[in-house]
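Colleague: structural data only, the sequence is not supplied:
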């Protein structure tokens, strides 16, 4: 008998509600409502912060643009003022009127900070040249005259290659006569000299430098006259000579006025304190008349001088040096300059675009010639024998200069104080300069630069005893370069 389905059996029982799940939904709903309210509250604040940030950025950009516009205006007005303050004398040399230059800066609404920097720079240059002394100022003026001659030689050359060679020669002259010039300044002058307009700008700087020197000379003369007047007045009050100097110092130390009573008392005390024993006096006279061997940098000669002359020259800015250490330092400095000259000679040949690279057989023959104890003799024999094949004039000049550089580089051991040294030291020095194994001209130029840096570092260990005819002091010459700083 078939079973009869019961409807009640198909009905599922009612499930009990999940209270924890319902509570979670309520919490999530509440969090969502709170987050929406928070977003609605914070959104205006975020919009205001973004607006303020945008406004600040706009103000900063406007200030930067305004500052750049002011700087550009100042540069243009400085250039125009410099041109207006420039004139030429009957010989064609440039004169520069600083008073007119500064007046034009004020009239052109140049910023006060820029004008103040210009004035301070001018005053610092004048003060430095006043301290350098009359002899150094004359040497600086002579260097400016030489610079005019270099400019005229460059201006008369129209061929680009010949003009570039003349400019390189002038840059070497500048570097040798003014060691304080920086590589950036040399590059700047080299770029200017490539055009006639640039040469005019260099002439303008020379005229400004000459005017600075003239002003320093005039102010030094005024100070000297004032010093003489003050000395005569002081000597009339406290006395002349050693006693007058002592009395003046004594009264100043005691805070006393130079009244007749105070001066008389100080003079009496001086007489009591300076009574000298006859034996001591004889010793002082002997020491004062004794002469010492010294080196005179103004003449480049060794001579004798007594203590009075030595002290006088030391006070005037032309100090004498003891002969023995000065002679050693001079030899080292001369050797450094000779090596530097060889470096420049090799560098000039490398810079010549007409010099081709050497072939592999030529490199081998060159290595044999330069590897001996007499590289110049071996090289000359190889050239005469024709074993290297045909060499251009540029290649021959390169090899000759390279052989001289190698011999002088070996002499650098005298600067180091290492004597003749071992074969290992000779090989180490040879590896620092170009050789037949140098792959390219560019690589050789880089070797020369690195070797010259080593030379410059070694030079710092040599006492500063100037060579004869080296030119003016570095401090005085450095102030004559672009004193206006108008080329920023």
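Modeller: Arrived safely. On a predicted model such as this, the values are computed, not experimentally measured, just so you know.

Colleague: model confidence over stretch 266-275, on average?
Modeller: Regarding stretch 266-275, the rounded mean pLDDT is 76.

Colleague: can we start the residue count at 22 from this point?
Modeller: Sure, I'll start numbering at 22, so the last one becomes stretch 287-296.

Colleague: report the residue spans of the stretch 272-421 of the chain with pLDDT below the cut-off.
Modeller: Scanning the stretch 272-421 of the chain for pLDDT under 70 picks out 296-309, 338, 389-410.

Colleague: ok, then the element right after the helix or strand harbouring residue 266?
Modeller: According to DSSP states H and E, residue 266 maps onto helix 262-275. Downstream of helix 262-275, the next assigned helix or strand under DSSP H and E is helix 281-294.

Colleague: now the angle from that following helix to helix 262-275?
Modeller: Going by axes from the mean of the first three to the mean of the last three Cα atoms, to 10 degrees, helix 281-294 is angled at 120 degrees with respect to helix 262-275.

Colleague: and the strands in the stretch 22-171 of the chain?
Modeller: With strands called from DSSP state E, counting those that start in this stretch, the stretch 22-171 of the chain shows them at 107-109, 115-117.

Colleague: which of those strands sits closest to residue 354?
Modeller: strand 115-117 (34.1 Å; Cβ to Cβ). Quick note: C-beta positions are derived from backbone N, CA and C, even for glycine.

Colleague: outside of that closest one itself, list whatever touches it.
Modeller: With contact meaning Cβ atoms under 8 Å, 6 or more residues apart in numbering, strand 115-117 is reached by 103, 106-110, 224-225, 227-229, 231-232.

Colleague: now neighbour count and pLDDT too, for these, in CSV please.
Modeller: Converted to CSV, the contacts of strand 115-117 look like this (neighbours: other Cβ atoms under 10 Å; pLDDT from 0 to 100):
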residue, neighbour count, pLDDT
103, 21, 84
106, 23, 85
107, 19, 84
108, 12, 84
109, 11, 81
110, 9, 80
224, 21, 85
225, 21, 84
227, 22, 86
228, 23, 85
229, 25, 86
231, 20, 86
232, 20, 87
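
Colleague: nearest to residue 127 among those residues?
Modeller: The shortest approach to residue 127 among the contacts of strand 115-117 belongs to residue 106, at 12.9 Å (Cβ to Cβ).

Colleague: about what we covered before: tell me the two of the contacts of strand 115-117 that are most distant?
Modeller: By the measure Cβ to Cβ, 103 and 110 form the most distant pair in these, at 17.4 Å.

Colleague: for residue 314, helix, strand, or coil?
Modeller: strand (DSSP: H, G, I helix; E, B strand; the rest coil).

Colleague: surely it meets residue 344?
Modeller: Yes: between residue 314 and residue 344 there is a contact under Cβ atoms under 8 Å: 3.8 Å.

Colleague: any shared contact partners between these two?
Modeller: With Cβ under 8 Å, 6+ apart as the test, residue 314 and residue 344 both reach residue 323.

Colleague: distance check, residue 352 against residue 483.
Modeller: 10 Å (Cβ to Cβ, to the nearest Å).

Colleague: so the two - more neighbours on which side?
Modeller: More crowded of residue 352 and residue 483, by other Cβ atoms under 10 Å: residue 483, with 16 against 13.

Colleague: wasn't the more buried one part of a helix?
Modeller: No: applying three-state DSSP, one finds residue 483 to be coil, outside a helix.

Colleague: these two touch, right, it and residue 351?
Modeller: No: Residue 483 lies out of contact with residue 351 (Cβ under 8 Å); the separation is 9.3 Å.

Colleague: residue 281: neighbour count?
Modeller: 8.

Colleague: find the helix or strand that residue 186 is a member of.
Modeller: Counting by DSSP H and E, residue 186 is found in helix 181-198.

Colleague: following that helix, which helix or strand comes up?
Modeller: According to DSSP H and E, the helix or strand after helix 181-198 is helix 204-213.

Colleague: wait, residue 215 touches residue 191, no?
Modeller: No: judged on Cβ under 8 Å, residue 215 makes no contact with residue 191 at a distance of 11.7 Å.

Colleague: quick one: which of the two has more around it?
Modeller: residue 191 (20 against 14).

Colleague: so what pLDDT did residue 234 get?
Modeller: At residue 234, the model reports a pLDDT of 90.

Colleague: next one: residue 118
Modeller: On the pLDDT scale, residue 118 is placed at 85.
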